[in-house]
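Novice: Just the structure for this:
(chains A and B)
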Amino acid sequence: MAQKKLVFHSASGGTAYAGFGRMIIASLVVHALVVVLFSGIFVPLTKKKDRPVYYVDLVNLPVERPQAGRPDGSKSEPAKAKKAAPKAVEPPKPPPAKAAEKVKLAPEKTPAVKEKPPAVKTPVKKEAVKKEAVKKDEVKKKDTPKVKPRSVEKDYQQSVLGAVEALRAKKKAEQAEIARKAKIEALKNKLAAMTTQDSRSAGGASDAPLGVPDGRGDQAGVSHGLWLQTYLTSNWSLSKYQLSRQDLEAEIHVEYDREGNLIRKRLVRSSGDKVFDRSVENAVLKSSKLPITFPQRVEFDIIFNLKDLPEKN
Amino acid sequence: MRCRLLGFLVLLFLPFSGFAYQLEVRSPGQQAIPLAVTQFPAMEGNPPAEVAREFHEVLSNDLDFCGLFRLVDPGAFLSDAGRLGLESRRVDFEQWRTLGAQALIKGGVSLQGGQVVIEARLYDVLRRRLLTGQRYSGTAKDVRTMAHAFADQILKSMTGDMGPFKAKIAFISDQSGRKELYLMDVDGHEPVRLTDHNAIVLNPDFSPYSKELIFTSYKTGTPDLYRKEIYTGREAKISSQKGLNIAGRFRGDGRAVALTLSKDGNAEIYLIGTSGHILKRLTRNWGIDVDPSWNPDGDKIAFVSDRLGNPHIFVLDVFSLKEERISFAGKYNATPAWSPKGDRIVFSRLEGRTFDLYTVSPDGSDERRLTFGAGNKEHPRWSPDGRFLAYSSDAGGKKAIYIMRADGSGQRRISSSGSNCLHPAWSPRW
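Specialist: A predicted model of the protein is given here:
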């Protein structure tokens, strides 16, 4: 049986088979897929930018969901707990215990007392508005079950409703203020973490809470990666008197199991200097049993260089 | 079709396999290697305890000076410190790792037929393996030299470059009442007088290959250049031109010497052969040109000239005779010395009332001050590996020989007190 073949005649007089065309299309599709896959939509691209260096207190063990803050920051409660803190500190006057109790109770009562006058004022000021207000109040009654309109006097009713309305508005404003303050606080923490790239140049402890600059969690602590970075730094011994140059850099790939045991290490990129490479491998060997655990088996690509080493004469 | 689908899936999940977090470690946390140096136990022949003690002391001293190590406190040593441990399988590395040591020195001493034999080992504690091992034998008097030799070997193992501790330092001392030439160990021990000219002797320099020195002496009343073989004691005058024959410096190949002659009235730098015949006049200027120092390639010299007013450092191309000024500050810049690696030139400069040491790149850039504080620091000379500098200083009253690291740290006096010592010269590896 004669096979049917699609034959394309090219301009140059040559011929090409339909299979070749399909191959080109398949190739294009595959290339397009590769481009899409590596464009960062599915996998974040690895950026080898000059990252800031943070120095972690190794006493603070890493957490799974670090909050926004600085790795050398003051130890603080997670964000939620922190919100409550300002209220507890608020009491303005130290005097007797009874007075303090009164002050504590006051916030609940005062709005009602204070809001009364404006509530009373409104009906006095604009009579025309009253009627409209009454109409609206009828609709709002459903939302405010606590406030039961009494059929005593219309003015009184309106004034009560006005007071409730004012109370509601105030509560909303208060809530908005609290949310705003919390947002500012979070931003401050983030800013404190980001502005000082190097804790040594910051000259001591900061006001920022313990966390990581890009932390989105709610736990006071640092990430596992940041902790390991500091642990490796402390385990890396290399004297400047061993170095012929200072522009050395080596990359090593390590794998740790959940218990923090080194299960694999591989020198990915040599510095070209045997002494430097040996010191880097020694740092990893010294870190073969970590005092922390990981949520799962983890892999790290670690670059060792001398960017922060003071230059030798 | 199945294969295609499989291929597609492999391609799809390829980026997800082996995802690794990126970390960057930008400087070592410990900038000194924790090293444990044990005292060597006796192996056989009942050697005197003094031998092991002296070896330990000299070795520790050298290793401490080089700045590379942080010596682990011997008080913390555990049971393995007392064991011989000449083979890695007989060393309890876990004990040393617990102490934080990363390198370990062990060994043993024996007395065999009147000869002291020292077996020394350097171990990598983390990798549990031998880095270097040496066996030395000699008389009890050679123990210090053995320790210096092993220190050099350790530096080679840890850095790739041999150390300079087994070398010697020549210097001028007025201990006898006259300035004469002496030779001592790098740590200042065992000074030996080499000349008995009963006149002023100055400015020694070592031949790069043979164990001989050149120096200027007023033995016959005029400053002439002499050479002296250290072991045979043979001495000869090699340049006695009219006027000055001073500050001779061997070229790197040992076949020529640059020095200052004033035979034509003005002090100029010349190139002469080792027998004293003039090969070439290198400078031609109305100013005084002195103190030449060769670069390692032997094609340039650094020297001092006052042709522009105050004495400054210049670099001269020996072939093209092109000159370039490289120092610009200070009232008086003197005695340049080109480093063995060729990357720096050290010199002394008068700032205010004292001389201090500076280094500069051969192109005149990147000048750095090395010394501070009281006392004039002068006549700097490099160790053969370029790690250290020897110089003279009058910080303690009389002039004395000091050594320090090339970055100015670790300064220590090595010559004994009681006399003026100056003009040090560090020998090549002995």
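Novice: Look up the closest residue to residue B:302, ignoring the ones flanking it.
Specialist: Spatial nearest neighbour of residue B:302, excluding adjacent residues (CB to CB, 6 or more residues apart in numbering or on different chains): residue B:336 at 4.0 Å. No exception for glycine: its C-beta is placed from N, CA and C like everyone else's.
Novice: now swap in residue B:191 and tell me
Specialist: Distances taken as CB to CB, 6+ apart put residue B:184 closest to residue B:191, at 4.1 Å, once the chain neighbours are dropped.
Novice: Quickly run through the sheet partners of the strand or helix carrying the one you found, with directions.
Specialist: Element membership of residue B:184, judged by DSSP states H and E, is strand B:180-185. According to DSSP bridges, strand B:180-185 forms sheet pairs with strand B:168-173 (antiparallel), strand B:192-193 (antiparallel).
Novice: Any idea what residue B:170 is bridged to?
Specialist: Residue B:170 forms beta bridges with residue B:183, residue B:425, as assigned by DSSP bridges.
Novice: Surely it and residue B:181 touch.
Specialist: Yes - the criterion here is CB atoms under 8 Å, and residue B:170 meets it with residue B:181 at 6.4 Å.
Novice: what sits in contact with each of the two?
Specialist: Taking CB atoms under 8 Å, 6 or more residues apart in numbering or on different chains as the criterion, residue B:170 and residue B:181 both touch B:194, B:204, B:213.
Novice: in chain A, which ranges drop under the pLDDT threshold?
Specialist: A:1-18, A:38-61, A:72-154, A:156, A:186, A:188-208, A:212, A:215, A:220, A:312-313 (pLDDT under 70).
Novice: could you pull out the strands for it?
Specialist: A:7-9, A:15-17, A:249-256, A:262-269, A:298-305 (DSSP state E).
Novice: Quick one: check the last one for contact with chain B.
Specialist: Spelled out, that is strand A:298-305. Yes - applying CB under 8 Å from any CB of the partner chain, one finds strand A:298-305 touching chain B at A:298, A:299, A:300, A:301, A:302, A:303, A:304, A:305.
Novice: Spatially nearest residue to the second one, not counting backbone neighbours?
Specialist: Excluding its sequence neighbours, the residue lying closest to residue A:299 (CB to CB, 6+ apart) is residue B:20, at 3.8 Å.
Novice: Equivalent analysis for the fourth one, please.
Specialist: In this structure, residue A:301 finds its nearest non-sequential neighbour in residue B:20, 4.5 Å apart by CB to CB, 6+ apart.
Novice: picking that back up, regarding the residue nearest to residue B:302, what is its secondary structure?
Specialist: Assigned by DSSP: H, G, I helix; E, B strand; the rest coil, the conformation of residue B:336 is strand.
Novice: before we move on, what about residue B:190?
Specialist: coil.
Novice: What's the local residue count around it?
Specialist: As a burial measure, residue B:190 scores 12 neighbours (other CB atoms under 10 Å in any protein chain shown).
Novice: so who does the residue nearest to it when sequence neighbours are not counted touch?
Specialist: Distances taken as CB to CB, 6+ apart place residue B:184 nearest to residue B:190, at 6.2 Å, with adjacent residues excluded. Shown in contact with residue B:184 (CB under 8 Å, 6+ apart): B:168, B:169, B:171, B:190, B:191, B:192, B:414, B:415.
Novice: Was I right to think the second one contacts residue B:401?
Specialist: Yes - with contact defined as CB under 8 Å, residue B:169 reaches residue B:401; the gap is 6.7 Å.
Novice: Return every residue with contacts to both of those two.
Specialist: B:188, B:390, B:414, B:424.
Novice: neighbours of the closest residue to the third one other than its chain neighbours, just the number please.
Specialist: This points to residue B:414. In this structure, residue B:414 finds its nearest non-sequential neighbour in residue B:188, 3.2 Å apart by CB to CB, 6+ apart. As a burial measure, residue B:188 scores 19 neighbours (other CB under 10 Å).
Novice: which residues sit in contact with residue B:188?
Specialist: B:169, B:401, B:413, B:414, B:415, B:416.
Novice: Let's have those residues in a markdown table, adding pLDDT, neighbour count and distance to residue B:302.
Specialist: Compiled in a markdown table, the contacts of residue B:188 are given as follows (pLDDT from 0 to 100; neighbours: other CB atoms under 10 Å in any protein chain shown; distance: CB to CB, whole Å):
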| residue | pLDDT | neighbour count | distance to residue B:302 |
| --- | --- | --- | --- |
| B:169 | 97 | 27 | 21 |
| B:401 | 98 | 25 | 22 |
| B:413 | 97 | 15 | 27 |
| B:414 | 97 | 21 | 25 |
| B:415 | 96 | 26 | 26 |
| B:416 | 90 | 15 | 31 |
